[in-house]
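Colleague: Structural data only, the sequence is not supplied:
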Ligand SMILES: Cc1ncc(COP(=O)(O)O)c(C=O)c1O
């Protein structure tokens, strides 16, 4: 089956002669078993809310079909998917290699939390190849953590090269695959051991709940992920699992429109005098563009824009002029967003050399002409504020 078909059939109810189209929300903590033997049997599958209801299983099944892995488990947020993936494989005295362009709270988990438990982290250049990663590997390196493209700066990483270097040193390759939503990139087929997502973004797709997914390539990896989540006491509500699965049904249609709107906005922005550089994997100027062409089948709606240097007063006026683009965290919902970001505030392994302010744009599903009008309005306001 192709992805578009998987997204419509995976995780559908199939136990009864007649059934609703969608797997219903089953809210439960306690499950009751009629007999001792039923309890013993039931405890192997659906037995307690935190361990998953049929609603959770249906969403997990759909994500596994999309990512192409052995098994998917859920976390209560995208961030906890990142932190659980690290905790699953490290212990005191171990070492982690992480991309310098990782989502900042993921890197803070290493710098602040894992450090307290004796796990050291080295950050690597997001466009590092196999040799550079191999040179950074230590005998105690247990995880290479990639995020492709990188948060805020959008460098595309060479996942097969990272997988070879990680596996040669006995480490797992964990990939934050949120930007591609499991649809435009398949990290497991490229050699990753775990492909995780902040399903909060494109899978949920409507900016109304937080969920994380962790898809493992094989049974042994899946078991470690399962135990990490279990021992952390992670729980996702059945309502949120339902919303995320419902979001997935329209993922392909939404993503294609996000892609189209983002491409149009990029073309339009490139002609603007105020713009110094676009950070978008489909642009030749984007670090790792050739890898994106090789390993991805498309681009989602999130990208960066470096403006030419401008006084802070004018930048504030620019942001305040938007009527359609919302100023807000997160992305992947149906709505367009714009956010001021500061890549230089986070990086340690590589320098951020751009001088101008950086925006992160999420191209939503609105009419493209309305989006351009909104951007134009903001640029005009900014020009007025510079006079
Ligand atoms: C790439 C990436 N990974 C993980 C997360 C964390 O997701 P959540 O907000 O669901 O915890 C985010 C959130 O912005 C993200 O952008």
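Modeller: Nice, thanks for sending it over. Because the structure is predicted, anything quoted here is derived from the model rather than measured.
Colleague: what pLDDT does residue 13 get?
Modeller: Per-residue pLDDT puts residue 13 at 86.
Colleague: ditto for residue 170
Modeller: 98.
Colleague: who's in contact with it?
Modeller: Applying C-beta atoms under 8 Å, 6 or more residues apart in numbering to residue 170 gives the contacts 141-142. Glycine gets a C-beta too; all of them are placed from N, C-alpha and C.
Colleague: SS state for it?
Modeller: Secondary structure, DSSP: H, G, I helix; E, B strand; the rest coil: residue 170 is coil.
Colleague: The one 3 residues further on now?
Modeller: The three-state label given to residue 173 by three-state DSSP is strand.
Colleague: The nearest residue to it once chain neighbours are set aside sits in which helix or strand?
Modeller: Spatial nearest neighbour of residue 173, chain neighbours left out: residue 166 (4.3 Å); criterion: C-beta to C-beta, 6 or more residues apart in numbering. Taking DSSP states H and E as the criterion, residue 166 maps to helix 159-168.
Colleague: Show me what counts as buried in that helix.
Modeller: Buried residues in helix 159-168, counting neighbours by 16 or more other C-beta atoms under 10 Å, are found at 159-166.
Colleague: next one: stretch 184-202
Modeller: By neighbour count on 16+ other C-beta under 10 Å, the buried set for stretch 184-202 is 184-188, 190-202.
Colleague: for the residue nearest to residue 8 when sequence neighbours are not counted, phi and psi?
Modeller: In this structure, residue 8 finds its nearest non-sequential neighbour in residue 249, 6.2 Å apart by C-beta to C-beta, 6+ apart. Main-chain dihedrals, residue 249, degrees, to the nearest 10: phi -60, psi -30.
Colleague: Go ahead and confirm residue 249 touches residue 9.
Modeller: No. Judged on C-beta atoms under 8 Å, residue 249 makes no contact with residue 9 at a distance of 9.8 Å.
Colleague: which one of those two has more residues nearby?
Modeller: residue 249 (19 against 12; other C-beta atoms under 10 Å).
Colleague: Against residue 201, how distant is that one?
Modeller: Shown here: residue 249 relative to residue 201, a distance of 16 Å by C-beta to C-beta, to the nearest Å.
Colleague: what does residue 47 give?
Modeller: In terms of C-beta to C-beta, residue 47 sits 31 Å off from residue 201.
Colleague: cool, and residue 355?
Modeller: In this view, residue 355 and residue 201 are 30 Å apart by C-beta to C-beta.
Colleague: Next, format the buried residues of helix 159-168 as CSV and append distance to residue 294.
Modeller: As requested, the buried residues of helix 159-168 are arranged in CSV below (distance: C-beta to C-beta, whole Å):
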residue, distance to residue 294
159, 10
160, 9
161, 11
162, 14
163, 14
164, 15
165, 17
166, 19
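Colleague: of those, list those near the ligand.
Modeller: Taking C-beta under 6 Å from any ligand atom as the test, the ligand is in contact with none of those.
Colleague: Would you mind putting those into TSV with distance to residue 303 and pLDDT alongside?
Modeller: TSV is the format used below for these (distance: C-beta to C-beta, whole Å; pLDDT from 0 to 100):
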residue	distance to residue 303	pLDDT
159	20	98
160	24	98
161	24	98
162	23	98
163	26	98
164	29	98
165	28	98
166	28	98
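Colleague: from those residues, which single one is nearest the ligand?
Modeller: The ligand lies nearest to residue 159 out of these, by C-beta to the nearest ligand atom, at 15.1 Å.
Colleague: Surely that closest one is in contact with residue 192?
Modeller: Yes. Look at residue 159 against residue 192 with C-beta under 8 Å: they come within range, at 6.2 Å.
Colleague: which residues do the two both contact?
Modeller: Taking C-beta under 8 Å, 6+ apart as the contact rule, residue 159 and residue 192 both touch 146, 173, 175.
Colleague: Identify the residues contacting stretch 326-342?
Modeller: By C-beta under 8 Å, 6+ apart, the list of residues contacting stretch 326-342 from outside reads 152, 178, 181, 198, 200-208, 254, 261, 300-302, 304, 315, 319, 322, 324-325, 357-366, 371, 374.
Colleague: make it 7 Å
Modeller: Contact partners of stretch 326-342, identified using C-beta atoms under 7 Å, 6 or more residues apart in numbering, comprise 152, 200-202, 205-207, 254, 302, 319, 322, 324-325, 357-366, 371.
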